[in-house]
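**Student:** when you get a sec, could you give me coordinates for this:
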Amino acid sequence: MTAPLPLNEETLRRYPLPKIASGDKDARGSILIIAGSREVAGAALLTALGAMRAGAGRLQIATVASAATGLSVSMPEAMVSGFPEARDGGFAAAALPGLHDRAGAADVVVAGPGMRGNAGTAKLAAALAATCPRLVLDAALLHALPERRRDIADKPGQAVLLPHPGEMASLLSLPQEEVEADPVRAGLSCAERYDSVTLVKGVVSHVVAPDGRVFRYEGGGPGLGVSGSGDTLAGIVGGLLTRGADPLTALLWAVWCHGEAGKRLGKKVGLLGYLAREIPDEVPCVLRDGGQLTP
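**Tutor:** From the prediction side, this is the model:
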C-alpha cells in the first residue's frame with residue numbers, strides 16, 4: 001500500500017474540473033436529490049444548496065410529502081416533488097416506482113441525506129444502481145448496501161460513497177473501532193468491495209479509488225463538525241458530477257472545497273459557531289480562487 005497523496009492544490013491540478021459550459025441550465029446538467037424525512041426535511045435543502053453552489057444547472061428534489069411544500073418555498077430554484085410517506089416519516093414503499101422513474105431522467109442522483117432507513121431503503125438502493133450511472137450515496141442508503149453489494153459493484157459507472165466511521169463499519173460488517181484504527185485500510189476494502197470511489201470521513205479524511213489510489217485531507221477545522229455539514233458535502237459532490245467531472249475528480253474537489261469553505265468561515269465567524277447552511281455560499285469563491293470557475 002502506497003502512502004496517501006496530500007489533497008491540496010498541487011494534487012488537484014492533476015485532476016482539473018471540466019470547463020464551464022456555455023448555454024442555458026441544461027448545458028450544466030440535471031441533478032435529482034432524493035433526501036429528507038418528516039423530522040429531517042432540512043437535509044434535502046442543505047444538499048441542494050451544495051449542489052447549486054458547485055455549479056449544477058437544473059435541480060429537482062424528491063422528498064416525503066410532508067416536507068415538499070416547505071422545501072419548495074425554501075429552495076425556489078428547485079422543482080420539488082412530494083412522495084408517499086410511511087408512518088416513520090420516511091419514504092413509503094409506494095414511493096419507489098415514482099422515485100425510480102424520476103431518477104432515470106436525471107444526469108446525476110444524490111440519495112440518502114436525512115432519509116429514514118426502513119423496509120424500502122434497500123430496494124431503492126438497488127433501483128438507483130440499475131438506473132443511475134452517476135450516483136452519490138450517503139447516510140441511510142449506505143446501511144442498505146451490504147445486502148445489495150453486487151447491484152452497486154456491477155452498475156455502469158462508479159458510484160461515490162460518503163460514509164462516516166459508523167456507516168463504514170456497516171458497509172464492511174466490522175466494528176467501528178477497527179475502521180477508526182485504520183481508516184485507509186477500511187477505505188481500500190470498501191472501494192474494492194463496492195467498486196466505488198469512497199470517502200472515509202473524519203478529522204482527517206481519506207478519498208480512496210477502487211484502483212488503490214488514496215488521498216489524505218487534513219481537514220477544514222473543527223467548525224465543520226456540525227449538524228448538516230455532511231449533507232452540504234454530498235450536494236457539492238453531486239454538483240461537480242453534474243458539471244461533467246468523473247467520480248474521483250468530483251470527490252477530490254468536493255472534499256477540498258468543503259474543507260476550504262470551513263477555513264474561510266473560521267476566519268470570518270470563528271472556529272466554532274457557523275452553520276452548515278453557510279458552507280455552500282463559500283464554494284464559488286473557493287472554486288474561483290482555485291482556478292476552476294473560468295470559461
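**Student:** any idea how far residue 69 is from residue 231?
**Tutor:** According to CB to CB, to the nearest Å, residue 69 and residue 231 sit 20 Å apart. To be clear about C-beta, it is placed using only N, CA and C from the backbone, and glycine gets the same treatment.
**Student:** who has more neighbours, these two?
**Tutor:** Neighbours were counted for residue 69 and for residue 231 using other CB atoms under 10 Å; residue 231 has more, 33 against 12.
**Student:** who touches the helix or strand hosting residue 151?
**Tutor:** Using DSSP states H and E, residue 151 maps to helix 149-153. By CB atoms under 8 Å, 6 or more residues apart in numbering, the surrounding residues in contact with helix 149-153 are 125-126, 129-130, 137, 145, 159, 193-196.
**Student:** run the last query once more with 6 Å
**Tutor:** Helix 149-153 is touched from outside by 126, 129, 145, 159, 194-195, with contacts defined as CB atoms under 6 Å, 6 or more residues apart in numbering.
**Student:** stretch 136-148 now?
**Tutor:** For stretch 136-148, the surrounding residues in contact (CB under 6 Å, 6+ apart) are 110-113, 115, 117, 121-122, 125-126, 152, 159-163, 167, 170-171, 234, 237-238.
**Student:** now find how far off-centre it is within its chain.
**Tutor:** What separates the centre of stretch 136-148 from the centre of its chain is 12 Å, taken as CA atoms, centre = their mean, to the nearest Å.
**Student:** try stretch 159-174
**Tutor:** Between the centre of stretch 159-174 and the centre of its chain there are 13 Å (CA atoms, centre = their mean).
**Student:** next, the distance between the ends of it.
**Tutor:** 21 Å (CA to CA, to the nearest Å).
**Student:** which residues in the stretch 51-200 of the chain form helices?
**Tutor:** Ranges of helices in the stretch 51-200 of the chain, per DSSP state H, counting those that start in this stretch, are 65-74, 96-104, 121-131, 140-143, 149-153, 165-172, 176-181, 183-194.
**Student:** can you pull the buried residues of the second one?
**Tutor:** Put plainly, it is helix 96-104. 96, 99-100, 102-103 (16 or more other CB atoms under 10 Å).
**Student:** reformat the residues you listed as JSON lines; add distance to residue 211.
**Tutor:** Formatted as JSON lines, those follow (distance: CB to CB, whole Å):
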{"residue": "96", "distance to residue 211": "33"}
{"residue": "99", "distance to residue 211": "31"}
{"residue": "100", "distance to residue 211": "30"}
{"residue": "102", "distance to residue 211": "32"}
{"residue": "103", "distance to residue 211": "27"}
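**Student:** about what we covered before: out of the helices of the stretch 51-200 of the chain, nearest to residue 56?
**Tutor:** Residue 56 lies closest to helix 96-104 among the helices of the stretch 51-200 of the chain, at 15.4 Å (CB to CB).
**Student:** what's the average pLDDT for the closest one?
**Tutor:** Here helix 96-104 scores 93 as its mean pLDDT.
**Student:** run through who's touching it.
**Tutor:** 32, 62, 83, 109, 120, 123-124, 127-128, 131-132.
**Student:** can you say which of the residues you listed are buried?
**Tutor:** The neighbour count (16+ other CB under 10 Å) marks 32, 62, 83, 109, 120, 124, 127-128, 131-132 as buried among the contacts of helix 96-104.
**Student:** model confidence for residue 293, exactly?
**Tutor:** 49.
**Student:** which one of the contacts of helix 149-153 is nearest to residue 74?
**Tutor:** residue 159 (28.0 Å).
**Student:** that closest one is in contact with residue 135, isn't it?
**Tutor:** Yes - with contacts counted by CB atoms under 6 Å, residue 159 reaches residue 135, the gap being 4.6 Å.
**Student:** against residue 136, how distant is the closest residue to residue 237 other than its chain neighbours?
**Tutor:** In space, and not counting its chain neighbours, residue 237 is closest to residue 254: 4.2 Å by CB to CB, 6 or more residues apart in numbering. Separation of residue 254 from residue 136 (CB to CB) stands at 9 Å.
**Student:** and for residue 190?
**Tutor:** From residue 190 to residue 136 the distance is 15 Å (CB to CB).
**Student:** looks like residue 92 contacts residue 66 (just checking).
**Tutor:** No - at 11.6 Å, residue 92 does not count as touching residue 66 under the criterion of CB under 6 Å.
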